[in-house]
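Participant: with the input below, show me the fold.
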Amino acid sequence: MQSNNSVTEFILLGLTQDPVRQKMVFVVFFIFYAGTVVGNLLIIVTIKCSRTLRSPMYFFLFYLSLADSCFSTSTAPRLIVDALSSKKTISYNECMTQIFALHFFGCMEVFVLILMAVDRYVAICKPLRYPTIMRRQVCIILIIFAWIGSFIHSFAQIILALRLSFCGPNLIDHYCCDMQPLLKLACMDTFVINLLLVSNSGVICLSSFTILMISYIVILHSLKNHSAEGRKKALSTCTSHIIVVIIFFGPCIFIYTRPPTTFPMDKMVTVFYTIGTPFLNPLIYTLRNAEVKNAMRKLWHIKISSERHK
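Facilitator: Prediction:
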């Protein structure tokens, strides 16, 4: 996996060098990460065990929560550990692995959000054909394509990363390994690689965001033909989806669709979509969804009842 260069490890500078702030980073992000894992696992278990949450929307929500948990895990644990450790080194191979995981699960999240928008579009705009269009086999095939697409995207990122050669500077002004900060350290002309990076990650972010926003505009426009009750329910679902899309894609587009420059704010912007969104998704999808809340209550009620009867 080692590229043709003299650097075997990198030093991550993290979010801050201030010892007091580092302790704050540890506490804040430990809470965020714990909340992300607990919240997403709760959704995964609820959807898997509940008989009422069998519609395609919850099938996709299951995979969104799975992608969120893994996406956050690709960066948050190292950020938390590094906040308290004096030696913040990451080996070359670990760095490449982190880039692969970050892009694989990040891309998976993008594709699942698109599938959720497709599901809502069919449910609201073609309600009579919904059971046939979004049947179980179709949903499974779509998810398989999402996994394959994510793998191809992250594999392309790794190919680009392995082409970079490093000959001396190994200080990464970031809390995780990603292409933009690595381009800054490379001892070579990175113009072509950055162009390929923008045409890969940048195009995925921008086109996905455009597709999602157009689909939700079409959905919201078609709601005028629905009853007041149907409008209210669809509007509630779509609003939560739109909030997630803006929080996730805004920072992504900022990071991946620009020339090879890095800004001091990049680290905080990256925090938004690598740690913020996976934390907010369970809250947005459960607090705004009565079916999920009821299923969770039933599940815990059954668990508590069975514990008492033992």
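
Participant: so what's V122 up against?
Facilitator: Residues near V122 by CB atoms under 8 Å, 6 or more residues apart in numbering: 129-130, 133-134. In short, each C-beta sits where N, CA and C put it, glycine included.

Participant: try it again at 10 Å.
Facilitator: Applying CB atoms under 10 Å, 6 or more residues apart in numbering, we find V122 in contact with 56, 129-134, 219.

Participant: try C70
Facilitator: 40, 101-102, 104-106, 108-109, 278.

Participant: continuing past the helix or strand hosting it, what's the next helix or strand?
Facilitator: Of the helices and strands defined by DSSP states H and E, C70 is found in helix 56-73. With elements assigned by DSSP H and E, the helix or strand that comes after helix 56-73 is helix 76-84.

Participant: which parts of that following helix are buried?
Facilitator: 76, 78-80, 82-83 (16 or more other CB atoms under 10 Å).

Participant: so which of these is the closest to C95?
Facilitator: The nearest member of the buried residues of helix 76-84 to C95, counting by CB to CB, is R78 at 10.5 Å.

Participant: now that closest one: how far from F29?
Facilitator: 10 Å (CB to CB, to the nearest Å).

Participant: cool, and H221?
Facilitator: According to CB to CB, H221 stands 40 Å off from F29.

Participant: likewise T237?
Facilitator: From T237 to F29 the distance is 30 Å (CB to CB).

Participant: please identify which of the two sits among more neighbours.
Facilitator: F29 (23 against 20; other CB atoms under 10 Å).

Participant: in this protein, where's the longest helix?
Facilitator: Scanning the chain for the helix with the most residues, using DSSP state H, yields helix 92-125.

Participant: past that helix, which element shows up next along the chain?
Facilitator: helix 130-133.

Participant: give the contact list for I243.
Facilitator: 280-281, 284, 288.

Participant: three-state assignment of M188?
Facilitator: Recorded secondary structure, M188: coil (DSSP: H, G, I helix; E, B strand; the rest coil).

Participant: tell me who's in contact with L42.
Facilitator: 65, 282, 286, 292, 296, 299-300.

Participant: ok, back up a step: what do R78 and F29 both touch?
Facilitator: Common neighbours of R78 and F29 (CB under 10 Å, 6+ apart) are Y175.

Participant: what's the closest non-adjacent residue to L235?
Facilitator: Excluding the flanking residues, the one nearest L235 by CB to CB, 6 or more residues apart in numbering is L223, at 6.6 Å.

Participant: wait, doesn't that neighbour sit right on Y121?
Facilitator: No: at 11.7 Å, L223 does not count as touching Y121 under the criterion of CB atoms under 10 Å.

Participant: what is in contact with those two at once?
Facilitator: C238.

Participant: looking at the contacts of C70, which is nearest M188?
Facilitator: Closest approach between the contacts of C70 and M188, by CB to CB: L102, at 22.5 Å.

Participant: and that closest one, how far from L212?
Facilitator: On the measure of CB to CB, L102 and L212 end up 21 Å apart.

Participant: likewise for L61?
Facilitator: The separation that L61 has from L212, given CB to CB, amounts to 16 Å.

Participant: same deal with I43?
Facilitator: Shown here: I43 relative to L212, a distance of 21 Å by CB to CB.
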